[in-house]
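Undergrad: how does the following fold in three dimensions:
(6 chains)
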Protein chains: 4
Amino acid sequence: MHPTAHHESSSTASGAASTRRRRKDARPSELLAAGLELFVDRGFAATRLDDVARRAGVSKGTLYLYFPSKEALFKAVIEDGMVAALLAAEERMAAHQGPAAELLHDLLLGWWQQIGSTALAGVSKLIISEARNFPEIADYYRERVISRGRALLRQALERGIDSGEFRPLHVEAAIDVIIAPLLMLAISRFSLRLCGHEVSPEAYLETHFELLLRGLRPAGDHP
Amino acid sequence: MHPTAHHESSSTASGAASTRRRRKDARPSELLAAGLELFVDRGFAATRLDDVARRAGVSKGTLYLYFPSKEALFKAVIEDGMVAALLAAEERMAAHQGPAAELLHDLLLGWWQQIGSTALAGVSKLIISEARNFPEIADYYRERVISRGRALLRQALERGIDSGEFRPLHVEAAIDVIIAPLLMLAISRFSLRLCGHEVSPEAYLETHFELLLRGLRPAGDHP
Amino acid sequence: MHPTAHHESSSTASGAASTRRRRKDARPSELLAAGLELFVDRGFAATRLDDVARRAGVSKGTLYLYFPSKEALFKAVIEDGMVAALLAAEERMAAHQGPAAELLHDLLLGWWQQIGSTALAGVSKLIISEARNFPEIADYYRERVISRGRALLRQALERGIDSGEFRPLHVEAAIDVIIAPLLMLAISRFSLRLCGHEVSPEAYLETHFELLLRGLRPAGDHP
Amino acid sequence: MHPTAHHESSSTASGAASTRRRRKDARPSELLAAGLELFVDRGFAATRLDDVARRAGVSKGTLYLYFPSKEALFKAVIEDGMVAALLAAEERMAAHQGPAAELLHDLLLGWWQQIGSTALAGVSKLIISEARNFPEIADYYRERVISRGRALLRQALERGIDSGEFRPLHVEAAIDVIIAPLLMLAISRFSLRLCGHEVSPEAYLETHFELLLRGLRPAGDHP
DNA sequence: AATGAATGAGTTTTCATTCAT
DNA sequence: TATGAATGAAAACTCATTCAT
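TA: Modelled structure (predicted):
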């Protein structure tokens, strides 16, 4: 597992170089993954770099070859998670043209499939736990990730209201109310199962959507 | 478990040491309050006992007069918060007889007034952040606080379903979906304002309730 | 148990005064006794004044009423023990006129009865353990207690040699060799039973004396 | 139990890190030596780890690289001393066939040369001083070291009694009486010179042996 | 590039000592 | 006198960071 062990068997120059190149590039992501897991599990202060290094299969010194400090690693972990989340969001965003209800449904399920059920969900817990200790990160996250997600929902809601599919309502507040169950679902995976002991994520999300849809529907409009 | 229980040898004249006694009685709760603020703000590991002591206006040594370790203080802070939350919940619980919708409305608003808007809300963030580091606390919290709150909501929902006021639904999942926005509201006060930048808590809760009520209503049932 | 409690009931001046006087005088010896036990058991540094006070049945503050510091208490404990040991030795010393062997036997047994088997024996362990930390105490002890005990033995040995009862020998070395088993006996009572697991002190001392006597006897002199 | 056992990953070139390796291998014994000196001098509680580290020429943190706690260092110091003492005893044990008196003489002198006069003697003082604070250590020492030493002496005494060289006597008590002067000699080197101010260890031991031999001899048996 | 031994500043914890009552 | 709450200096212990190899 120690990359040092490859040095002896590097007979052909080109092969060796590419292997090492790949390793070098790969190392940070292994470190980021290890960092994410541990930071999410224990929080920033309680995570020891020793453990991060061990989990990534390198020595503590190596970690400092790639990140100048614990805080730098932490920020990189978050940023990395945010970029991925953003990309995931972007994909889902891609021109959805059906009725607003369908769009909404896709957004919720898409979030679960591409974020909520993946390691990215851990970033949310991290941000919530450490926001006060790293205000710049919180700010950054709010502007880059949250506001983007909110924009998606806002679009869907407004489209529905415009088309008469949804009744008029306090859009911003509604966005929050829609997001909250998603976040809690994500969070609960990394701390105690606050919500939904025996409730499956899918059932939970379906109920959420169902309630939501009926809640959004104009009075008197029902199938 | 509360250190307030140290009242053994009150043999000396009651008037004489009254000032000191008053101090001594007040100390634990002063320390708990200081601890709550800092733990919520920074998390367990990042909170320095020095700071807790200073905020409570005592020396570090004094802290150890009342709590044998940092962890003990932390647990006492949580426990204290839970007891208070439980008492607050109990009060609200007291015989509500109106229609289910009204009961639900009261529960949401009552939660905000007696928990969400107070320091007790911080305990939620604490639990979420530290659940993995203190599994016993998480277990205890889930069984003592959460399950109690869920029972309240379950009662209201089932009453509404039985009376035909609400349509039949996945009750447990619905409970989660109802609680989530409350928790997020509480949490957002102590970390980044994930939800509701410019949205007031009251507007937020009102929107939540409105959406909810319509979502719960049987199909075709509308004023 | 709190002397403060006597204040109210001090109706007759004389009675109250004498009670209090007796208490005041008695307190130091209670403290000294508590100190001796704990210092012997744990050593100077590992003994907490809290424990000493508690064992003596007073508060920690009271201790400081009688001794200005932990070290002062420690020295007082030793001194107190030494004075008592000295007095005990003095008594035994008093004109013994029989044959040297008998004198020697009496010295050994007397030591056991008046020192070795009492709390005073603990002082020896204390001195041995803390001599390096309290050189003045060690010096004082050596000059005041040890040299006195050695003088007793020297007297007995020289008397025996002069009378031809004992053969000539290296008196000072012999004194050490005679004393050592006594000290070890004392010490073993307060630490692990280095010598004499199942051997009773009396049997041990008798064997010591027997070996000694035969060892001292001139060659060819035997019953 | 020895921390020297850390030799896992010696995959790197043997020559390259040789200096560091040599250091790392030497560290534990350097620390043990420093610990022994200070613990013997001051006792467990009064010894500062800072001082131990400084004496070993390393920082406090380094100490924790090899021993997880002060107590662990202490136990390792004792254990290390005991192992060495045991090895030394083993050597002396090697088949001695001459008369019992000669065997006895060799045991006493051998003890002095290989234990009493070395740093190992300090372990005895340590055990005596700290036995009450570390009962497991005391038990271990009694079973592993003391009982072994006693067995050696028992063998010599019984051989002498069987051969008629020595008179019958209370063997166990005699063992104690024989050991005591040795222990006191060892102890006196590390605390006050209780015995033998001006008496040289050799003269002291010679006197001890002489007295002993005459004391053991059957009545009427003399050259 | 990678290692891991070493460091020391920073934290938790202890306890002799003080002092208002 | 007696108390015991409060203190703070000192000690044990942790861990991010450095650097020789």
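Undergrad: only C-alpha atoms from now on, for both contacts and neighbour counts.
TA: OK.
Undergrad: what's the neighbour count on A:Pro68?
TA: Residues near A:Pro68, counting by other C-alpha atoms under 10 Å in any protein chain shown, number 10.
Undergrad: which SS state does the residue in chain A positioned nearest to chain C fall under?
TA: Chain C sits closest to A:Ala46 of chain A, with a gap of 32.5 Å, by C-alpha to the nearest C-alpha. With DSSP: H, G, I helix; E, B strand; the rest coil as the basis, A:Ala46 sits in coil.
Undergrad: list the contacts for A:Ala88?
TA: A:Gln114, A:Ile115 (C-alpha atoms under 8 Å, 6 or more residues apart in numbering or on different chains).
Undergrad: next one: the helix or strand that contains it, is it in contact with DNA strand F?
TA: For A:Ala88, the host element (DSSP states H and E) is helix A:70-93. Yes. Using C-alpha under 7 Å from any atom of the strand, helix A:70-93 reaches DNA strand F at A:Lys70, A:Glu71.
Undergrad: quick one: distance of that helix to the chain centre.
TA: Distance of helix A:70-93 from the chain centroid (C-alpha atoms, centre = their mean, to the nearest Å) equals 7 Å.
Undergrad: that helix near DNA strand E at all?
TA: No. Counting by C-alpha under 7 Å from any atom of the strand, DNA strand E is not contacted by helix A:70-93; separation bottoms out at 13.2 Å.
Undergrad: buried sites along that helix?
TA: In terms of neighbour count (16 or more other C-alpha atoms under 10 Å in any protein chain shown), helix A:70-93 has its buried residues at A:70, A:73-82, A:85-86, A:88-89, A:92.
Undergrad: now swap in stretch A:113-120 and tell me
TA: So for stretch A:113-120, counting by 16+ other C-alpha under 10 Å, buried means A:Gln114, A:Ile115, A:Gly116, A:Ala119, A:Leu120.
Undergrad: in those residues, find the pair that's most separated.
TA: By the measure C-alpha to C-alpha, A:Gln114 and A:Ala119 form the most distant pair in the buried residues of stretch A:113-120, at 9.6 Å.
Undergrad: outline the domain layout of chain A.
TA: What automatic domain parsing lists as the domains of chain A is A:8-67, A:71-223.
Undergrad: just give the nearest non-adjacent residue to A:Gln97, would you?
TA: Take A:Gln97 and drop its neighbours on the chain: the residue closest to it by C-alpha to C-alpha, 6 or more residues apart in numbering or on different chains is A:Leu103, 7.6 Å away.
Undergrad: can you tell me the SS state at that neighbour?
TA: From three-state DSSP, the assignment for A:Leu103 is helix.
Undergrad: flag whichever of the domains of chain A has the least confidence on average.
TA: Of all those, mean pLDDT reaches its minimum on domain A:8-67 (a mean of 79).
Undergrad: and the helices in chain A?
TA: For chain A, the helices defined by DSSP state H occupy A:13-42, A:49-56, A:60-66, A:70-93, A:100-111, A:121-130, A:135-141, A:147-162, A:171-188, A:201-216.
Undergrad: how about those in JSON lines, adding distance to C:Arg189?
TA: Below are the helices of chain A laid out as JSON lines (distance: least, C-alpha to C-alpha, whole Å):
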{"stretch": "helix A:13-42", "distance to C:Arg189": "51"}
{"stretch": "helix A:49-56", "distance to C:Arg189": "48"}
{"stretch": "helix A:60-66", "distance to C:Arg189": "52"}
{"stretch": "helix A:70-93", "distance to C:Arg189": "55"}
{"stretch": "helix A:100-111", "distance to C:Arg189": "75"}
{"stretch": "helix A:121-130", "distance to C:Arg189": "58"}
{"stretch": "helix A:135-141", "distance to C:Arg189": "64"}
{"stretch": "helix A:147-162", "distance to C:Arg189": "77"}
{"stretch": "helix A:171-188", "distance to C:Arg189": "61"}
{"stretch": "helix A:201-216", "distance to C:Arg189": "69"}
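Undergrad: ok, back up a step: between the buried residues of stretch A:113-120, which is nearest chain D?
TA: A:Ala119 (32.5 Å).
Undergrad: look up phi and psi at the closest one.
TA: Dihedral pair for A:Ala119: phi -60, psi -20, per degrees, to the nearest 10.
Undergrad: distance of it relative to A:Asp139?
TA: 21 Å (C-alpha to C-alpha, to the nearest Å).
Undergrad: that older thread, hey, which of the domains of chain A is tucked in deepest?
TA: domain A:71-223 (a mean of 19; mean count of other C-alpha atoms under 10 Å in any protein chain shown).
Undergrad: and the most centrally placed residue in chain A, how far is that from B:Glu102?
TA: Chain A has A:Leu120 as the residue nearest its centroid, 3.1 Å off, counting by C-alpha atoms, centre = their mean. For A:Leu120, the distance to B:Glu102 (C-alpha to C-alpha) stands at 39 Å.
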